[in-house]
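> Got a sequence here, can you model it:
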Amino acid sequence: MKPPRVLQLFAAGVNCDRELAHAFTRAGAEVVQVHVRELIRRPQLLRDCRLFALPGGFTYGDDLGAGAILGAEVRAFLAEELAAHHDRGGTIFGVCNGFQVLVRCGLLPGLEGVRASLTWNRTHRFECRWVRLRVEPGLGHVLPAGSILPAAAAHAEGRLVLGDPERDLPRLEAAGLVALRYADAAGRPTREWPACPNGSDGAIAGLVSASGRILGLMPHPERNLGPESLPDRGAGAWGDGGEGIAFFRGLLALDRDPAAR
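This next block holds a predicted model:
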């Protein structure tokens with residue numbers, strides 16, 4: 001049986017590509033990397049992959065805002081082929097800068113009338129620290145709802161802001177589009193620093209589409225691939241080190257039937 005194929009995008013400023021490719025490979029995938037210029041020239045490459053991935057980094061220096069330029073390229077040149085990939089049952093995944101791109105190009109949050117953006121952390125500085133992510137029901141098809149996914153946060157513009165939080169947050173929750181929330185050591189969602197390094201509305205760390213096959217998050221689960229990766233080396237306070245691989249295996253196992261969810 002052939003392993004699932006992941007097509008991973010590369011562009012100027014991407015710097016987390018090897019970690020993400022390693023995580024998908026460890027989870028059982030075949031990873032093919034493609035430069036954005038090549039994919040724009042040959043968008044049919046998407047037709048041969050199970051999952052399309054956008055890794056982290058600082059694409060184009062984030063000169064016009066985090067993920068803004070790559071997001072504009074994706075929206076202008078790849079939107080039609082990505083929609084077809086999704087309609088065929090394919091998955092689209094973005095982490096950190098990749099999540100920013102998915103929001104910038106309009107693939108997330110994907111709920112009419114809800115405006116979202118990712119902006120500077122409340123601390124107004126780059127935050128690099130381990131965080132706990134509570135799996136929300138919207139991502140219960142990948143990992144058990146209520147479980148904790150430890151991951152490394154490393155971003156300056158990771159604060160998710162909603163156009164009208166009082167109106168939009170209940171709508172996102174009702175539609176099952178909240179994927180992950182920052183949590184404290186007891187597993188309770190929180191916006192307080194340092195457990196939530198950016199102060200996101202609703203403590204949201206990641207969003208998912210209504211289909212369950214477009215997912216983006218700010219922290220890096222690809223940096224948690226075993227107990228040796230964790231701050232306490234698997235002593236228990238940060239899980240057992242198996243959560244990251246379980247996350248990527250769950251992504252690769254998503255049902256390709258568009259009506260499955």
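> Now do stretch 69-87: everything it contacts.
By Cβ atoms under 8 Å, 6 or more residues apart in numbering, the residues outside stretch 69-87 that reach it are 11, 36, 39-40, 43-44, 46-47, 49, 52, 54, 59-60, 63, 92, 97, 100-107, 211, 213-214, 258. Quick note: C-beta positions are derived from backbone N, CA and C, even for glycine.
> so how far does it reach from one end to the other?
25 Å (Cα to Cα, to the nearest Å).
> any idea of the mean pLDDT for it?
Rounded to a whole number, the mean pLDDT of stretch 69-87 is 97.
> any idea how far residue 84 is from residue 14?
24 Å (Cβ to Cβ, to the nearest Å).
> Have a look at those two and say which one is more surrounded.
residue 14 (24 against 14; other Cβ atoms under 10 Å).
> List the beta-bridge partners for the residue nearest the centre of the chain.
Closest residue to the average C-alpha location of the chain: residue 216 at 2.5 Å, with Cα atoms, centre = their mean. Assessed by DSSP bridges, residue 216 has beta-bridge partners residue 94, residue 207.
> Do I have it right that it meets residue 204?
No: taking contacts as Cβ atoms under 8 Å, residue 216 lies outside contact range of residue 204: 10.6 Å.
> how close does residue 62 sit to residue 252?
Counting by Cβ to Cβ - residue 62 and residue 252 are separated by 29 Å.
> for residue 226, that is, sorry about that
18 Å.
> Between those two, which has more neighbouring residues?
Neighbours were counted for residue 226 and for residue 252 using other Cβ under 10 Å; residue 252 has more, 20 against 14.
> In contact with the closest residue to that one other than its chain neighbours, which residues?
Of all residues not flanking residue 252 in the chain, residue 4 sits nearest, at 4.9 Å (Cβ to Cβ, 6 or more residues apart in numbering). For residue 4, the contact set (Cβ under 8 Å, 6+ apart) comprises 28, 29, 30, 50, 51, 252.
> So which of those residues is the closest to residue 147?
Set against residue 147, the nearest of the contacts of residue 4 by Cβ to Cβ is residue 252 (18.0 Å).
> Identify the residues contacting that closest one.
Per Cβ under 8 Å, 6+ apart, neighbours of residue 252: 4, 6, 24, 27, 28, 29, 50, 51.
> rewinding a little: list the contacts of the residue nearest to the centre of the chain.
Taking Cβ under 8 Å, 6+ apart, one finds 93-95, 98-99, 102-103, 107-108, 179, 206-208 in contact with residue 216.
> Adding distance to residue 168 and neighbour count, write the residues you listed out as JSON lines.
Shown next, in JSON lines, are the contacts of residue 216 (distance: Cβ to Cβ, whole Å; neighbours: other Cβ atoms under 10 Å):
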{"residue": "93", "distance to residue 168": "23", "neighbour count": "25"}
{"residue": "94", "distance to residue 168": "20", "neighbour count": "30"}
{"residue": "95", "distance to residue 168": "23", "neighbour count": "28"}
{"residue": "98", "distance to residue 168": "22", "neighbour count": "27"}
{"residue": "99", "distance to residue 168": "17", "neighbour count": "28"}
{"residue": "102", "distance to residue 168": "17", "neighbour count": "29"}
{"residue": "103", "distance to residue 168": "13", "neighbour count": "21"}
{"residue": "107", "distance to residue 168": "17", "neighbour count": "22"}
{"residue": "108", "distance to residue 168": "13", "neighbour count": "25"}
{"residue": "179", "distance to residue 168": "15", "neighbour count": "26"}
{"residue": "206", "distance to residue 168": "16", "neighbour count": "29"}
{"residue": "207", "distance to residue 168": "12", "neighbour count": "28"}
{"residue": "208", "distance to residue 168": "15", "neighbour count": "28"}
